[in-house]
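Asks: next input, structure requested:
(2 chains)
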Amino acid sequence: MEYLKRSATCGELRATDAGKSVVLNGWVHRKREHGPITFLNLRDRYGVTQVVVEADAAAALKAAAGELKYEYCVAVKGTVRARPDTMVNPDMATGAVELVAEELQILTRCDTLPFMVDEKSDAKEDLRLKYRYLDLRSFSMQDKIRLRHEVAFAVREHLVGKGFYEIETPTFIRSTPEGARDYLVPSRLYPGKFYALPQSPQLYKQILMVAGMDKYFQLARCYRDEDARGDRQPEFTQIDIEMSFVKRDDVLELVEGMMGHVFQKTLGVELPAKFRRIAYDESIELYGSDKPDLRFAMEMKDVGEFATRSGFQAFKDALAEGAARQAAAKSKGITQEGGAVKALVVPGKADYSRKQIEELEAAAKIYRAKGMAWMKVNAEGKLEGGASKFFAGETAPAGLEAELVAYLGAKPGDLILMVADSKRRVACVSLGAVRSKLGKDLGFCDPKKFEFAWIVDFPMFEYNEEEEKWDTAHHMFTMPQEKYHPTLESDPGAVKGDLYDLVMNGFELASGSIRIHDPELQKRIFSIVGFDPAEAERKFGFLTEAFKYGPPPHGGIAPGLDRLVMLMAGETSIKEVIAFPKNSFAVSPMDESPNEVDAKQLEELSIRILEAPDGAKTVEIRK
RNA sequence: GGGGGCGUGGCGAAGCUGGUUAUCGCGCCGGCCUGUCAAGCCGGAGAUCGCGGGUUCAAGCCCCGUCGCUCCCGCCA
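Replies: Have a look, this model is predicted:
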């Protein structure tokens, strides 16, 4: 039977449409029966419209209405009627009208639902993923998918307007070393050989610069075979960008403009024209994170000096141990950090209970802090409780207490928290975790506030203590800042890269760098991290080969689309803004991937699966 | 690889110190109801309490193991 095709959507009818004959198509969102009269709320992507089957309706119409259940897909033909004043629903966009049904077709029926299609559905995520098509019918999910679409569109609009070409790069590529684990695709034509799915289009976008494309972007799907998190999925989307003949600030300004455009167009939010710039070291010292949440200040302070003068042996031991390790490293010519004692003043929270403080300490311990000391500032501005006896009173050096309170800017009624560690980074990061928790607990994390910042001046190298060698902190094509070029080899630990991250509300939103375009400099970097020329040639040969043919100076960045949309939507998991995400074990509960495949498929790929007596499986590839 | 949390009708939860017939809301089925809009009212069905083992006179509850989910640490150049 030919179905009644819609002439209007469920979101568009208004009082001015009264009298019109229309057809609506949609799903039964609600049904309310009052004896002979039946109300239906019909829903589609555009909204909800009330349909009335009246008491004097034809028998066939009433019978059809009687059969309806939640989520039946139906077509209704009828006349639009303005509702009497007392029956207008001000909460509905279409609340001024209703459709008086004249003909009702049941297009398809729906089984008893595993959960209601509703904003208030509190089904567990696992179940929502299994029945994702039902979950996505809800307005809250439709809003998020629409926002994602609009963000992607605004990104394209802005970049195309700035002269960028959208260029696709391959998804079957050569596996390259470093970084995350690759997802591999076996080759049928070449038994024993594999393609890799790209962790990012990094090498291709640089080669596009060598190719003279000048300004490139792509909404690129990226694949990393690592454990998932709330803000990490095995496959995710980057707004991949690369530009020729630019310096750092050109890239930052482009992204500032792009974010401004995206927020203005999609949320109507005006962002500042420029974002704060914070040096990596400063960010770690003040916020204990390289992706600080700047919706609130509550900056940490270094109280190492005070600890040294105090009688707090645990703190002094931590500093001494750190200093000893630092000295030992220095004798080997390695720049390394010592220990630190960091403090955080929590305004007005001297009334925190033992239990509350212990919960904060637990947050610090997750990041390897051995403990957290605390003190309270009483009404007289004196320190009391916890570790105060080491800094105040008769047991402490004269004047130390007043000096410390003044230095910290602590007021009566404040709570002071302190973490010491022989590793500066551990002290900072663990107390930074406490700062983050406090931000959430104290309600500073308004999801409608968007506080962007650039984190710049990242270290270029990290010392790998296990292997006693230097590793690149980011990828190997990052340009070291000019002023460090003479001392790359003599003091790698001090070298800053021409690197930048865009952070917002405690998340890393983008990461980028100016790249090395000088083959000689590239060789020096390979050499510092112990990447021998032959190996470099074998693994990145195509890139180094390309760079023999007049590569331009270039740089780029890659904002994460999923995280951006997540934050714009006020969510804390990127699964909420991905139509079909994987669960935390990289499984798709809906289609049950990954799955086993037919023996014939394996045979064509020269693959055999071996099962050990304990059930462990190994894949054997015939070469 | 490690840690926290969860697993009870289709869904979400409650279930005390181990004690009779496992409770509530939503949904489902049947009935009533002429203006509702998360409609309301009456009645009904529906659970091997994730799975396996143990302790006990007695286990949803305690113990051991296991599976699944979720958040986090590691990992993610």
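Asks: got the domain boundaries for chain A?
Replies: A:15-108, A:143-272+A:502-577, A:296-444 (automatic domain parsing).
Asks: end-to-end on the last one?
Replies: It refers to domain A:296-444. 6 Å (C-alpha to C-alpha, to the nearest Å).
Asks: could I get the domains of chain A as JSON lines with mean pLDDT?
Replies: As requested, the domains of chain A are arranged in JSON lines below (pLDDT from 0 to 100):
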{"stretch": "domain A:15-108", "mean pLDDT": "96"}
{"stretch": "domain A:143-272+A:502-577", "mean pLDDT": "95"}
{"stretch": "domain A:296-444", "mean pLDDT": "93"}
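Asks: what about the residue in the stretch 401-550 of chain A that RNA strand B sits nearest to, which helix or strand?
Replies: When distances are taken as C-beta to the nearest atom of the strand, the stretch 401-550 of chain A reaches nearest to RNA strand B at residue A:475, 2.9 Å away. Yep, even glycine has a C-beta here, placed from its N, CA and C like the rest. Residue A:475 is part of no helix or strand, with elements assigned from DSSP states H and E.
Asks: got it, and residue A:325?
Replies: Per DSSP H and E: helix A:313-331 holds residue A:325.
Asks: in that helix, what's buried?
Replies: Neighbour-count burial for helix A:313-331 flags A:315, A:316, A:318, A:319, A:322, A:325, A:326, A:329 (criterion: 16 or more other C-beta atoms under 10 Å).
Asks: just say helix, strand or coil for the residue nearest to residue A:557 when sequence neighbours are not counted.
Replies: Leaving aside its chain neighbours, residue A:557 sits nearest to residue A:512 (2.8 Å; criterion: C-beta to C-beta, 6 or more residues apart in numbering). Put simply, residue A:512 is strand when judged by DSSP: H, G, I helix; E, B strand; the rest coil.
Asks: tally of neighbours for the residue of the stretch 401-550 of chain A closest to RNA strand B?
Replies: By the criterion of other C-beta atoms under 10 Å, residue A:475 has 18 neighbours.
Asks: was I right about it contacting residue A:176?
Replies: No - using C-beta atoms under 8 Å, residue A:475 is not in contact with residue A:176, being 9.8 Å away.
Asks: wait, does the longest helix along chain A contact RNA strand B?
Replies: Counting residues, the longest helix in chain A under DSSP state H turns out to be helix A:139-161. No - judged by C-beta under 7 Å from any atom of the strand, helix A:139-161 stays clear of RNA strand B, getting no closer than 12.4 Å.
Asks: before we move on, the earlier item: got CSV for the domains of chain A, with distance to residue A:586 too?
Replies: Shown next, in CSV, are the domains of chain A (distance: least, C-beta to C-beta, whole Å):
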stretch, distance to residue A:586
domain A:15-108, 30
domain A:143-272+A:502-577, 5
domain A:296-444, 24
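Asks: show me where the stretch 451-600 of chain A has its helices.
Replies: A:519-528, A:533-546, A:561-568, A:599-604 (DSSP state H, counting those that start in this stretch).
Asks: just name the most buried of those.
Replies: helix A:561-568 (a mean of 24; mean count of other C-beta atoms under 10 Å).
Asks: is RNA strand B contacted by it?
Replies: No - using C-beta under 7 Å from any atom of the strand, no contact is recorded between helix A:561-568 and RNA strand B, whose separation bottoms out at 11.3 Å.
Asks: now stretch A:596-604 - C-alpha only, CSV.
Replies: Once non-C-alpha atoms are left out, stretch A:596-604 reads as follows in CSV (Å, rounded to 0.1, in the frame of the first residue of the first chain):
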residue,chain,number,x,y,z
GLU,A,596,35.3,-14.0,14.2
VAL,A,597,35.4,-14.4,10.5
ASP,A,598,34.9,-17.3,8.1
ALA,A,599,37.6,-19.8,7.6
LYS,A,600,37.5,-19.0,3.9
GLN,A,601,38.3,-15.3,4.6
LEU,A,602,41.2,-16.4,6.7
GLU,A,603,42.5,-18.8,4.2
GLU,A,604,42.6,-16.1,1.5
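Asks: quick one: residues in contact with it.
Replies: With contact meaning C-beta atoms under 8 Å, 6 or more residues apart in numbering, stretch A:596-604 is reached by A:188, A:608, A:609.
Asks: so after the longest strand along chain A, what's the next helix or strand?
Replies: In chain A, taking DSSP state E as the definition, the longest strand is strand A:21-34. Next along the chain after strand A:21-34, taking DSSP H and E as the criterion, comes strand A:37-44.
Asks: pairing partners for that following strand, with directions?
Replies: In the sheet, strand A:37-44 lines up against strand A:21-34 (antiparallel), strand A:47-53 (antiparallel) (DSSP bridges).
Asks: so is stretch A:124-133 next to RNA strand B?
Replies: Yes - using C-beta under 7 Å from any atom of the strand, stretch A:124-133 reaches RNA strand B at A:124, A:125, A:126, A:127, A:129.
Asks: coming back round to it: in JSON lines, list the contacts of stretch A:596-604 along with neighbour count and secondary structure.
Replies: Shown next, in JSON lines, are the contacts of stretch A:596-604 (neighbours: other C-beta atoms under 10 Å; DSSP: H, G, I helix; E, B strand; the rest coil):
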{"residue": "A:188", "neighbour count": "12", "secondary structure": "coil"}
{"residue": "A:608", "neighbour count": "13", "secondary structure": "strand"}
{"residue": "A:609", "neighbour count": "12", "secondary structure": "strand"}
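Asks: close to RNA strand B: what parts of the stretch 251-400 of chain A are there?
Replies: So far as C-beta under 7 Å from any atom of the strand goes, the stretch 251-400 of chain A lies against RNA strand B at A:366, A:367.
Asks: for RNA strand B, what is the nearest residue in the stretch 251-400 of chain A?
Replies: Counting by C-beta to the nearest atom of the strand, the stretch 251-400 of chain A gets nearest RNA strand B through residue A:366, at 5.0 Å.
Asks: how about the stretch 1-150 of chain A?
Replies: Taking C-beta to the nearest atom of the strand, the stretch 1-150 of chain A has residue A:35 as its residue nearest RNA strand B, at 2.1 Å.
Asks: just give me the neighbour total for that residue.
Replies: Using other C-beta under 10 Å: residue A:35 sits among 6 other residues.
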